[in-house]
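Enquirer: show me how the following folds:
(4 chains)
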Number of protein chains: 2
Amino acid sequence: MGRPKSPLLTSERIRTSALDIIDGEGLEALSMRRLADALGVRAASLYNHVATKEALLHELADGVMSTVDTSGFAEHWTTGLERWARSYRAALAAHPNLVPFMASGPARREIALSRADAVHGGLTSAGWPPRYATMIGASTKYLVVGSAMGSFAGGFVDDAEVYDERFPHLGQAHRLREHAAEIDADSFELALRALVDGLRAQFAQLAASGHES
Amino acid sequence: MGRPKSPLLTSERIRTSALDIIDGEGLEALSMRRLADALGVRAASLYNHVATKEALLHELADGVMSTVDTSGFAEHWTTGLERWARSYRAALAAHPNLVPFMASGPARREIALSRADAVHGGLTSAGWPPRYATMIGASTKYLVVGSAMGSFAGGFVDDAEVYDERFPHLGQAHRLREHAAEIDADSFELALRALVDGLRAQFAQLAASGHES
DNA sequence: ACCTGAACACCGTTCAAGT
DNA sequence: ACCTGAACACCGTTCAAGT
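Expert: Next up is the predicted model:
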């Protein structure tokens, strides 16, 4: 015990196990000692493969972000924006316990940055002025991050009794928790559709004023 | 030293000091020992006034939320929704370092709940079906929370050189950090306007189909 | 009633030591 | 090259003891 022919640990194994703990028990359940335990190893050993706990979390975040899809901008900017938003939201929703970490300063991350660049590029290529492109990317991200964080699904406690008594209006939305995920998805779609529709109208207006000047 | 004629500590003083630390040095800088230090007291003393660190954070969150304004629903649902959204965002933006905590399960908090009830009630009173009211409240909150969390202001590092080299399109949005707060505010307004406009159109449609049936 | 010292069970991280 | 024990400087929280 202690003289491996092949290494006991792998960055890959570490990441998988860490994400399992976070998904199953929450972000605060992940500690280096707890993670080492799950891997049948001592905490210090982890530092042969990972610089720091924070670095590990960033690696997990990059992995989650890798499924985000910006290919739609090749077709139309509305297609690109919607596909980006939906795949982004799906990526975050797949690991909700990691979202609080990811949402705090995500622009610092390489992958997040390159995505932002792809979105920005896709929008400017379609004819949006750079400043609009930045704002559109930002406000879409607000929607995605907000829906991933402050979701009904995560926020409401189990027994609805408490709510019925004191908050009559909320009580009217019966079985809130049961349909929480559905409400989240529908609310996100509602806002995304409104945003894209609003932008489409503004784009037409912008193009018209641009032609006549 | 240790026999006070009047108590050294007050829940009020504790809250003020805690929020100062969070605002000035970040959420992770707040520890019970650090807080006790700032108050000229020992960590154990805090537990005479505060049940737990988490409870203290919830108290801070409630204080921040107390400035949120739902009075606009007395005038018109669009007025109510916009005033709620803007005051909500302003409240969060005043203490950005506390937002990651507040955004994780805010529906559990009493004040957040009563606000949600006020919004839901205001919308249904105006004629929105309960399910729509829930979705509108949710998607507006997504926008607010998302803009408070994933803001450009907090996300970008100081030297823009790094970005210019590798991400040409982002580089075009020059002096991004300098105008970050402005971009955040404008992006939020853009999305809020699009959402409210989109909802107004849908409301008219809904009222029409409701009358003819 | 309120503050304290000491302790408990944790953290992330480092580092000399082993193989 | 990789794993370990032991240590360092931290945590949140409890509790008997002091006034």
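
Enquirer: going by C-alpha atoms from here, please, whenever you check contacts or count neighbours.
Expert: Will do.

Enquirer: what residue is smack in the middle of chain A?
Expert: Centroid-nearest residue in chain A, with Cα atoms, centre = their mean: A:L92, separated by 3.1 Å.

Enquirer: tell me the contacts of that one?
Expert: A:64-65, A:98-99, A:145, A:148 (Cα atoms under 8 Å, 6 or more residues apart in numbering or on different chains).

Enquirer: what is the neighbour count of whatever residue of chain A ends up closest to DNA strand C?
Expert: Nearest to DNA strand C, among the residues of chain A, is A:S31, at 3.1 Å (Cα to the nearest atom of the strand). Per other Cα atoms under 10 Å in any protein chain shown, the neighbour tally for A:S31 reads 15.

Enquirer: A:N97 too?
Expert: Neighbours around A:N97, by other Cα under 10 Å: 23.

Enquirer: and what of A:Y47?
Expert: A:Y47 has 11 neighbouring residues, counting by other Cα under 10 Å.

Enquirer: for it, give me the pLDDT.
Expert: As predicted, A:Y47 sits at a pLDDT of 98.

Enquirer: now the contacts of A:L92 in a markdown table, with neighbour count, pLDDT and distance to DNA strand C?
Expert: Putting these into a markdown table (neighbours: other Cα atoms under 10 Å in any protein chain shown; pLDDT from 0 to 100; distance: Cα to the nearest atom of the strand, whole Å) gives the following:
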| residue | neighbour count | pLDDT | distance to DNA strand C |
| --- | --- | --- | --- |
| A:V64 | 21 | 95 | 20 |
| A:M65 | 20 | 93 | 22 |
| A:L98 | 22 | 94 | 14 |
| A:V99 | 22 | 92 | 17 |
| A:V145 | 29 | 92 | 25 |
| A:A148 | 31 | 90 | 24 |
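
Enquirer: closest one to chain B out of those residues, please.
Expert: Set against chain B, the nearest of the contacts of A:L92 by Cα to the nearest Cα is A:V145 (5.1 Å).

Enquirer: so what's that closest one up against?
Expert: A:89, A:92, A:99, A:103, B:142, B:145-146, B:149-150.

Enquirer: with A:T10 instead?
Expert: A:T10 sits next to A:H49 when contact means Cα under 8 Å, 6+ apart.

Enquirer: per-residue pLDDT, A:A181?
Expert: Looking at A:A181, the pLDDT reads 81.

Enquirer: helix B:180-212 and the helix or strand in which it is found, what's the angle between them?
Expert: Using DSSP states H and E, A:A181 maps to helix A:180-212. Helix A:180-212 runs at 110 degrees relative to helix B:180-212, counting by axes from the mean of the first three to the mean of the last three Cα atoms, to 10 degrees.

Enquirer: do any residues in helix A:180-212 lie close to chain B?
Expert: Yes. On the criterion Cα under 8 Å from any Cα of the partner chain, helix A:180-212 is in touch with chain B at A:183-184, A:186-188, A:190-191, A:194-195, A:197-199.

Enquirer: hang on, isn't A:A138 packed against B:D186?
Expert: No. The criterion here is Cα atoms under 8 Å, and A:A138 misses it with B:D186 at 9.6 Å.

Enquirer: the two: which is more packed in?
Expert: Ranked by neighbour count (other Cα under 10 Å), A:A138 and B:D186 place A:A138 first, with 25 against 17.

Enquirer: what about stretch A:66-85, start to end distance?
Expert: Length of stretch A:66-85, first residue to last, Cα to Cα, to the nearest Å: 14 Å.

Enquirer: contacts for it next, please.
Expert: Outside stretch A:66-85, the residues within contact range by Cα under 8 Å, 6+ apart are A:87-88, A:91, A:111, A:115, A:118-119, A:122-123, A:126, A:140-141, A:144, A:192, A:196.

Enquirer: alright, I will stop here.
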